[in-house]
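Participant: Any chance you can model this:
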Amino acid sequence: MQDNEPKLARRDFVKRTTTLLGFAALVAPEAKAFSLTNPGRDSLDKRYIGQEGKRFGMVIDLRRCVGCQACSSACKSENVVPREKYRTYVPEYELGAYPNVRKAFLPQLCNHCEAPSCVSVCPTGATFKRKDGIVVVDSEVCWGCGYCINACPYDKRYFNPTTHVADKCTLCAHRVDAGLLPACVESCVGGARVFGDFNDASSQVSKLLSNHPTAVLKPSSGTKPRIFYIALSGEIQDIPFSKGMLDDSVKKIEGLAPREWASKGV
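Facilitator: Sure thing, here's the model as predicted:
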């Protein structure tokens with residue numbers, strides 16, 4: 001009997017899961033969420049299709065980033081991001097060892113991967129990649145299951161408490177389609193963020209890739225990110241997120257321990 005218990009447990013789990021999914025389908029606010037179709041793409045809406053023949057992405061020169069958070073503020077204002085959430089953020093890190101220690105900044109956002117793991121796990125088709133490489137979430141189709149949030153190896157998706165669906169950076173696709181730069185790029189005081197078309201050899205992003213050694217976050221994930229970094233330290237390449245704040249005034253506001261340095265998110 002004991003040998004059969006694991007099989008029975010698994011069978012019971014499958015039954016329970018199937019029942020829950022069926023119930024979710026009944027209570028989902030939009031039945032079309034389970035159709036695996038996307039009305040926007042089906043109607044050939046350019047906002048969903050993207051720009052043919054282009055491959056948008058970003059190169060971030062860490063030598064120019066000063067950690068001012070202007071990009072974070074501009075993004076929140078442009079995209080009406082909830083107060084406690086971020087589509088892009090610039091965590092701070094301590095690199096090296098005493099006495100050779102320095103502060104480093106690492107601007108982060110959705111990597112708009114060539115092989116996005118978030119798209120492959122989405123059960124509704126709400127998360128998809130446009131033809132120009134921008135990965136977006138259709139809030140009218142998403143029903144908030146959270147699969148994509150868990151699948152992202154960079155922790156760059158969140159559950160929006162206002163819309164009750166998955167949310168993330170879209171590279172300001174609405175601005176890009178209007179011929180404008182993403183809000184974070186336009187507001188970068190140090191010129192660290194450079195946006196453009198990687199398919200255009202004459203674009204600034206293509207020239208930066210050709211003339212400088214670049215790296216991506218968590219290359220072992222296999223998602224092939226299209227957010228590249230210049231001067232990325234190997235110490236933080238696989239530690240993509242940190243809430244460690246080095247500024248004493250920020251620590252006081254947040255009620256954090258008054259330590260001189262934060263170390264890799266600690």
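Participant: Tell me how far stretch 228-235 lies from the chain's centre.
Facilitator: For stretch 228-235, the distance from its own C-alpha centre to the chain's C-alpha centre is 17 Å (Cα atoms, centre = their mean, to the nearest Å).
Participant: in it, what's buried?
Facilitator: Of the residues in stretch 228-235, 228-230, 232 count as buried by neighbour count, 16 or more other Cβ atoms under 10 Å. All C-beta spots, glycine's among them, are computed from the backbone N, C-alpha and C.
Participant: One more: stretch 186-194?
Facilitator: By neighbour count with 16+ other Cβ under 10 Å, stretch 186-194 contains the buried residues 186-188, 190, 192-194.
Participant: ok, back up a step: of the buried residues of stretch 228-235, which belong to strands?
Facilitator: 228-230 (DSSP state E).
Participant: pLDDT and distance to residue 88 for the buried residues of stretch 228-235 - can I get that in a markdown table?
Facilitator: Putting the buried residues of stretch 228-235 into a markdown table (pLDDT from 0 to 100; distance: Cβ to Cβ, whole Å) gives the following:
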| residue | pLDDT | distance to residue 88 |
| --- | --- | --- |
| 228 | 98 | 15 |
| 229 | 98 | 14 |
| 230 | 98 | 17 |
| 232 | 96 | 16 |
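Participant: all helices for the stretch 1-150 of the chain, in order.
Facilitator: Assigned helices in the stretch 1-150 of the chain, in chain order: 5-27, 39-42, 46-49, 70-79, 117-121, 147-151 (criterion: DSSP state H, counting those that start in this stretch).
Participant: so where's the protein shaky on pLDDT?
Facilitator: Residue ranges of the chain with pLDDT under 70: 1-45, 240-266.
Participant: Can you give me the domain assignment for this structure?
Facilitator: Here the domain parsing of the chain from automatic domain parsing is 2-49+116-167, 56-113+169-254.
Participant: So which of those is the most surrounded?
Facilitator: Mean neighbour counts were taken over those using mean count of other Cβ atoms under 10 Å, and the top value, a mean of 17, falls to domain 56-113+169-254.
Participant: now that one, how far from the chain's geometric center?
Facilitator: 10 Å.
Participant: ditto for stretch 146-157
Facilitator: On the basis of Cα atoms, centre = their mean, stretch 146-157 sits 8 Å off its chain's mean C-alpha point.
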